[in-house]
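K.L.:
Compute the structure for the input listed below.
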Amino acid sequence: NWFQGQRRGQPHNGVITYVTNGELEIRTRSQLDPQGSADLCVRPENIELVDVAAGGAVDDLAHNVLPGVVLDVAPLGADVHVVVELRDKSRVLVIRKNTAKGSGFVTGQPVGARFSASDVLIF
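P.N.:
Numbering: from 1, shown residues only. Down below sits the predicted model:
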């Protein structure tokens, strides 16, 4: 999952904030600190889906929660691939382990794509 962002402000408690063209804020704790724009990457297995209707979209300085809607849920053997369309119309892939209960998410469901600032890689 790739984003391009422009650095906003100064680091705060080791966290750097980037803003995408679609106005998504993405925080990182990377040691790399480009002063302008940067490519940001989040591995699909590092993203957790949270049910925003159940109050699961907790956002704090150490985490990112990007609001979106589930577009597709595909059970693929040991994994489930979930595609989420974010509010800026970009998409992220989330990979979870397939369990007997399934992913717990359905197409059209509002969710938050939640990941740690430490899981954001900068290039």
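K.L.:
Distance of the residue located most distally from the centre of the chain relative to residue 51?
P.N.:
Farthest-out residue of the chain from its mean C-alpha position, per CA atoms, centre = their mean: residue 100, at 24.9 Å. As judged by CB to CB, to the nearest Å, residue 100 and residue 51 stand 19 Å apart. All C-beta atoms are positioned from the backbone trio N, CA, C, and that covers glycine.
K.L.:
returning to that earlier point: for the residue farthest from the centre of the chain, helix, strand, or coil?
P.N.:
coil (DSSP: H, G, I helix; E, B strand; the rest coil).
K.L.:
pLDDT wise, what is it at?
P.N.:
pLDDT for residue 100: 72.
K.L.:
With only the CA atoms kept, save the helix or strand where residue 10 lies in CSV.
P.N.:
Here residue 10 sits within strand 2-12, counting by DSSP states H and E. C-alpha atoms of strand 2-12 as CSV (Å, rounded to 0.1, in the frame of the first residue of the first chain):
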residue,chain,number,x,y,z
TRP,A,2,1.7,3.1,-1.3
PHE,A,3,0.9,6.8,-0.6
GLN,A,4,2.7,9.9,-1.5
GLY,A,5,2.7,12.6,1.1
GLN,A,6,4.0,16.0,1.9
ARG,A,7,5.5,16.6,5.4
ARG,A,8,3.4,18.8,7.6
GLY,A,9,4.9,20.6,10.6
GLN,A,10,7.7,19.5,12.8
PRO,A,11,8.1,16.0,14.5
HIS,A,12,6.2,15.7,17.7
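K.L.:
Parallel or antiparallel, list what pairs with whichever helix or strand comes after that strand.
P.N.:
Downstream of strand 2-12, the first helix or strand assigned by DSSP H and E is strand 15-20. Take DSSP bridges as the rule and strand 15-20 pairs in its sheet with strand 2-12 (antiparallel), strand 25-28 (antiparallel).
K.L.:
Done for today, thanks.
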